[in-house]
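Peer 1: After the sequence you'll find the predicted model.
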There are 2 protein chains.
Amino acid sequence: MGFKEKAMPKRLAILGSTGSIGTQALEVAAVHPDKFRVVALAAHHNDSLLAEQLERFRPSLAVLADGAAADRLRSRYDGPTRIMTGEEGLNAAATLAEADTVLTSLVGFAGLRPTLAAIEAGKDIALANKETLVAAGELVTTAAKKHGVAILPVDSEHSAILQCLQGEGAENVGRIILTASGGPFRTRPRESLAAVTVAECLRHPNWAMGRKITVDSATLANKGLEVIEARWLFGVDYDRITVVVHPQSIIHSMVEFADGSVKAQLGRPDMRLPIQYALSYPGRWPADFGRLDFTSLADLTFEPPDTDRFPALAMGYEAGRRGGTAPCVFNAANEAAVLAFLAEQISFLSIAALIRRALDAHEVVAAPSLDDLCAADEWARSFVAATIIDGI
Amino acid sequence: MGFKEKAMPKRLAILGSTGSIGTQALEVAAVHPDKFRVVALAAHHNDSLLAEQLERFRPSLAVLADGAAADRLRSRYDGPTRIMTGEEGLNAAATLAEADTVLTSLVGFAGLRPTLAAIEAGKDIALANKETLVAAGELVTTAAKKHGVAILPVDSEHSAILQCLQGEGAENVGRIILTASGGPFRTRPRESLAAVTVAECLRHPNWAMGRKITVDSATLANKGLEVIEARWLFGVDYDRITVVVHPQSIIHSMVEFADGSVKAQLGRPDMRLPIQYALSYPGRWPADFGRLDFTSLADLTFEPPDTDRFPALAMGYEAGRRGGTAPCVFNAANEAAVLAFLAEQISFLSIAALIRRALDAHEVVAAPSLDDLCAADEWARSFVAATIIDGI
């Protein structure tokens, strides 16, 4: 992973500071004022929350990608922080000379360009934007290697794997075992899934997260994305990545080693822990995000994922194995379909059906450039939109 | 832990080669002929099994502690291996110049002198004889430090902890969580424990082990011994060692770190895995001791230990905290009581009662010498014998 510990305090830029991960990252930063200086905050349009964050953390740079929101911020804020907007602003936050670590928690494919820019500027990446690695795994990991920067996962599953791998030789990794909660519809019969509402879908049993990832958890597309993310983060073939449904979300993931021994990481479902670990890695910092109480813990159970009811997981593997632009299309078709579902344009089951159609219609480009990936991403979104208009 | 990897193949002496751990260690050695040379085998009296082991592994030295058994071996064996007997023989096996690693799997306090001799001769120790570390934790760990040798646990629980600690800073260890199966009487009401037979006691739900440790598992004295062992192996205070009953014995133990993250090691209940890990540490070797199948795994459950029904566990903590010769007396009283139980001289509940009486009657010697420990050990055995004769 080519990781060299940087001097303390870490100088942190957060892309996506007003979202679920961004706000929790700022909670972590607030717990450890000695360990962080927040130097840049970037968000999409939430000017009121960003204004509060500026008061509290006083970064050098604040960015609102949405121009009107940036204007609102400028009109209400008169502190010393420089305010920028648009892609230019995001790029400035990602590459700010002062920063040594960039937490990328933008949602979806939109995170790719800023993440690549941060890597090229030599910043270590705390990666919450898994779509970046799904869509452009080869491009991003090659750039990280070239620029000698670490990509540290914020996803609880991948953080668990990183923790289990600590001190272990890469040659001894047998299998990565990603756990999945199974989502809110784990026990629902297939017939009833057609009528699932957005509100039902957003009621995740264990985690409070953003809307897009909550829908992805319900379809298991999220686990498909995570399989591809794991392949790139840990350099392990798809045949050696297994998904196990573990509804209690206490074991966040596991690694099986060559001798048959399995290591697991457990914790309460609180994203502040993996966020902090990505920032403290390879060390740890004392924190009180709650402790597991084994004497009052529910039974831990395991079951195989049902890819008949949740085909998006199998499609994730399929896209990963096809390689090239296929994972990018898997991701883009999913993003477009989830947006349509959240807008109540399509049914729950149509999300997977649209990904299927897009993967079948796509002609894979091998070893894609950034332009190829952007083209594939756009193609998939247009394809999904057109398919919705034509009727699925 | 001051561990330096030795050149391959490892030259291994096994003290206790005909017992449960010893025979499984030889299975591990047989799987990895490139990684081991077995240079010494020592046992108590099983000459026929030792003769087979000599044919197969051709060590330089074979020892039967029992003189008559050694004579029988000499009369049936005419190969090149030198045969010795008695304490002199055990000492020779423990300190053999050819050996670099000594697996000590003798049962009980009898393992202390040979283990100390091996440490003083600069051998790394794969420790299956936990009583050594319980009775003489300070003496043994001080000697190991002085001679720059590693003490690597073979106990599945302590192996799990060692695995979870890999790559982690000692300053970040919050708490060690030892799992306990709860033994065969976990769900039995206290009234019925008085009438427990030896045969019932030897039917352990998960592990096939030697007789003494199987009884210790039923009383939870084994977990008391393991708490003390953990204190010395990992340098963690008793307040930061917790015992959790986990009847399925799939999670072998856990470590909670300063950030609240918990790492666990899981595996099938097969001692070959921790035996091999003690020998492969800090690396791992590919092996096929079976794999966990998460899709067919029983529910994993956890509950607090019941120290009313199983007071030996609480007495282990108490003895550990008192320090000095107290843990030695805890161990010796337990050994003597278990022997009496196996000989059907006392009831199951009398085991804990005898430990209690011995701990209450004992005057603790602080910072004990080896002679102090031997005296405390003998005192406790005599005390238990006299108490049994007097009527408990």
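Peer 2: Thanks, I have it.
Peer 1: and the longest helix anywhere in chain A, what's its mean pLDDT?
Peer 2: Ranked by residue count and defined by DSSP state H, the top helix of chain A is helix A:370-390. Here helix A:370-390 scores 96 as its mean pLDDT.
Peer 1: tell me which residues in stretch A:331-348 are buried?
Peer 2: Buried residues in stretch A:331-348, counted by 16 or more other Cβ atoms under 10 Å in any protein chain shown: A:331-342, A:346-348. Heads up, the C-betas are built off the backbone N, CA and C, glycines and all.
Peer 1: Show only the entries of these found in helices.
Peer 2: Applying DSSP H to the buried residues of stretch A:331-348, the entries found in helices are A:331-342, A:348.
Peer 1: how close does A:Ser159 sit to chain B?
Peer 2: Going from A:Ser159 to chain B by Cβ to the nearest Cβ, to the nearest Å gives 9 Å.
Peer 1: That residue belongs to a helix?
Peer 2: Yes. Looking at A:Ser159 with DSSP: H, G, I helix; E, B strand; the rest coil, it is inside a helix.
Peer 1: list the contacts for it?
Peer 2: A:153, A:252, A:265, A:273-274, A:277-278 (Cβ atoms under 8 Å, 6 or more residues apart in numbering or on different chains).
Peer 1: For the residue in the stretch 151-300 of chain A that chain B sits nearest to, which non-adjacent residue is closest in space?
Peer 2: For the stretch 151-300 of chain A and chain B, the shortest gap (Cβ to the nearest Cβ) falls at A:Gly167, measuring 2.1 Å. Counting by Cβ to Cβ, 6 or more residues apart in numbering or on different chains, B:Gly167 is the residue found nearest to A:Gly167 once chain neighbours are left out, at 2.1 Å.
Peer 1: And for A:Ala68?
Peer 2: In this structure, A:Ala68 finds its nearest non-sequential neighbour in A:His45, 7.7 Å apart by Cβ to Cβ, 6+ apart.
Peer 1: secondary structure class for that neighbour?
Peer 2: What three-state DSSP gives for A:His45 is coil.
Peer 1: Correct me if wrong: it contacts A:Asp71.
Peer 2: No. A:His45 is beyond contact range of A:Asp71, at 11.1 Å (criterion: Cβ atoms under 8 Å).
Peer 1: which stretches of the stretch 101-250 of chain A have low pLDDT?
Peer 2: Applying pLDDT under 70 to the stretch 101-250 of chain A flags the ranges A:204-205, A:207-208.
Peer 1: Contact distance from chain B - what residues of it qualify?
Peer 2: A:163-164, A:166-169, A:172, A:177, A:242, A:244, A:246 (Cβ under 8 Å from any Cβ of the partner chain).
Peer 1: Let's have those in a markdown table, adding neighbour count and secondary structure.
Peer 2: Formatted as a markdown table, these follow (neighbours: other Cβ atoms under 10 Å in any protein chain shown; DSSP: H, G, I helix; E, B strand; the rest coil):
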| residue | neighbour count | secondary structure |
| --- | --- | --- |
| A:Gln163 | 28 | helix |
| A:Cys164 | 29 | helix |
| A:Gln166 | 17 | coil |
| A:Gly167 | 13 | coil |
| A:Glu168 | 20 | coil |
| A:Gly169 | 12 | coil |
| A:Asn172 | 17 | helix |
| A:Ile177 | 27 | strand |
| A:Thr242 | 18 | strand |
| A:Val244 | 20 | strand |
| A:His246 | 24 | coil |
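Peer 1: for the residues you listed, which one is nearest B:Val134?
Peer 2: A:Gly167 (27.4 Å; Cβ to Cβ).
Peer 1: picking that back up, which one of the buried residues of stretch A:331-348 is nearest to B:Met8?
Peer 2: A:Asn331 (45.8 Å).
Peer 1: hang on, that closest one packs against A:Leu133?
Peer 2: No. Applying Cβ under 8 Å, one finds A:Asn331 not in contact with A:Leu133, separated by 9.8 Å.
Peer 1: for the closest residue in space to A:Gly67 that isn't next to it in sequence, phi and psi?
Peer 2: Leaving out its chain neighbours, the residue that sits closest to A:Gly67 by Cβ to Cβ, 6+ apart is A:Thr85, at 5.0 Å. Per-residue torsions, A:Thr85: phi -140, psi 170 (degrees, to the nearest 10).
Peer 1: How many neighbouring residues does A:Thr85 have?
Peer 2: 20 (other Cβ atoms under 10 Å in any protein chain shown).
Peer 1: if we can go back for a sec, read off the pLDDT value for the residue nearest to A:Ala68.
Peer 2: 95.
Peer 1: which residues touch it?
Peer 2: A:64-66, A:68-69.
Peer 1: Break chain A down into its domains, please.
Peer 2: A:10-153, A:323-392 (automatic domain parsing).
Peer 1: Go through those domains and name the closest to A:Pro311.
Peer 2: domain A:323-392 (4.8 Å).
Peer 1: Tell me how far that closest one lies from the chain's centre.
Peer 2: 18 Å (Cα atoms, centre = their mean, to the nearest Å).
Peer 1: What ranges does the stretch 201-350 of chain A have for its strands?
Peer 2: Ranges of strands in the stretch 201-350 of chain A, per DSSP state E, counting those that start in this stretch, are A:241-245, A:251-257, A:262-266.
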